[in-house]
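Enquirer: the following comprises the amino acid sequence and a computationally predicted model.
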Amino acid sequence: QVQLVESGGGLVQPGGSLRLSCAASGSIFRINAMGWYRQAPGKQRESVATITSGGSTNYADSVKGRFTISRDNAKNTVYLQMNSLKPEDTAVYYCNIEYWAYDIRSGTRAPFGLWGQGTQVTVSS
């Protein structure tokens, strides 16, 4: 069974920094895309940053130049370095992975998607 464990959220003052981590464990053949999403109260979940297996990245306009996504394929871990944080960055942050694993129903490898449990990031003075 594949699991995601997120860490690194917390309370930070405006202008501060946080680093989120999300580690995948379990019977994974290969992880393709990894990404971070966030959901603020009363708002829909939105994409923050994504990274492909080849290292190509994509960022929401609101975080470009402030956030950096990276991954360690040997550790099946994705990171989100968040700098110059603003109050509007306050949200629950979720990681997401797209991966290939053995599917017992088909008896072959199949693609799957998985969400982390979420970690709260609060930016406030």
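Expert: Yep, that arrived. Numbering: from 1, shown residues only.
Enquirer: show me the contacts for residue 28.
Expert: By CB atoms under 8 Å, 6 or more residues apart in numbering, the contact set of residue 28 is 2, 76, 99, 100, 101. C-betas here are computed from N, CA, C, even on glycine.
Enquirer: and for the chain, the residue most distant from the center?
Expert: residue 107 (29.2 Å; CA atoms, centre = their mean).
Enquirer: how much space separates that residue from residue 59?
Expert: To residue 59, residue 107 is 39 Å away according to CB to CB, to the nearest Å.
Enquirer: again, but for residue 123
Expert: For residue 123 relative to residue 59 (CB to CB), the value is 18 Å.
Enquirer: so what's residue 43 up against?
Expert: The neighbourhood of residue 43, defined by CB under 8 Å, 6+ apart, consists of residue 91.
Enquirer: tell me the secondary structure at it.
Expert: Recorded secondary structure, residue 43: coil (DSSP: H, G, I helix; E, B strand; the rest coil).
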